[in-house]
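# return atomic coordinates for the entry below.
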Amino acid sequence: MLIFFDFKQCDNDTLAFLIFILTSTFIIVTTSLATVAHIFYWDASYVLHYLKAKWKGYRSSASLGNVYDVFVTYDTTDPWVSEWVLDTLRGKLEDEGEKALPLCLEERDWPLGRPLIDNLTQSIRYSRKTLFVLTEAYAKTGVFRLAMYLAHQRLLDENLDVIVVLLLEPVLQHSHFLRLRRRLCGESVVEWPRTAAAEPWFWQNLRNVVRVDNQMMYTKTYSQYFNGSQERA
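As a prediction, this is how the structure comes out:
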């Protein structure tokens, strides 16, 4: 039995060529959009939220007053980290010491049903400091990056540096951000001690860090620059 193929009919099939072009274009566009969305989703979310805030009229939190001393952002998906923050960290800062430091905690104080970015924005705006409790897993999340963007926005809009970094695990050791942070305001980066004997000193140091304005702890070189920019403003 012989089978005959008419190759000219295939070569001249306009419909098949059109389907090929449409299918290829669809695959390329879909793949490109998925890649861009995966890489830049949080950046795009931040930009959209920032433009929305500008459109509605952004109000400085300095004029509104602070409800909390510290907003604590951490990995709520890790049971061990959640327990450490809600029990240990909360107890040391809110219940112990000469002066209680009211904390804003996602699992305790955030209203249910409100979008994540709205909760983050309100928490950072109404708190004197934003404390990032970093672990290996949390440092890789989009929530951490978004919260860091919003905290930096206060520095740009209000000249208020509210960032405090608590390294619960040794992460971001080669990060340019962490290196710069230590050069400009080394005391705003604290590490969980490796020995139990050092824990009392750690808690006292953390209380001092969250009470004092970051600008007061800047290194001498950057402090001169910051004061000069404030005078020009």
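
# alpha carbons only for contacts and neighbour counts from here, please
Will do.

# now residue 159: how far from residue 25?
47 Å (C-alpha to C-alpha, to the nearest Å).

# how about residue 154?
According to C-alpha to C-alpha, residue 154 and residue 25 sit 43 Å apart.

# looking at these two, which one has more neighbours?
With neighbours defined as other C-alpha atoms under 10 Å, residue 154 and residue 25 compare such that residue 154 has more, 19 against 12.

# can you pull the contacts of the more buried one?
When contacts are counted by C-alpha atoms under 8 Å, 6 or more residues apart in numbering, residue 154 is found next to 125, 160, 161, 162.

# what number of residues lie near the last one?
What it means is residue 162. By other C-alpha under 10 Å, the residues close to residue 162 number 23.

# unless I'm mixing things up, it is touching residue 132, no?
No - no contact is recorded between residue 162 and residue 132 when judged using C-alpha atoms under 8 Å, the distance being 10.6 Å.

# next, show the common contact partners of those two.
Shared between the contact lists of residue 162 and residue 132 (criterion: C-alpha under 8 Å, 6+ apart) there are no residues.

# just give the closest residue to the residue positioned nearest the centre of the chain, not the sequence neighbours.
Nearest to the mean C-alpha position of the chain, counting by C-alpha atoms, centre = their mean, stands residue 147 at 2.6 Å. Nearest-residue entry for residue 147: residue 120, 6.5 Å, with adjacent residues in sequence omitted and distances by C-alpha to C-alpha, 6 or more residues apart in numbering.

# okay then, goodbye and thanks.
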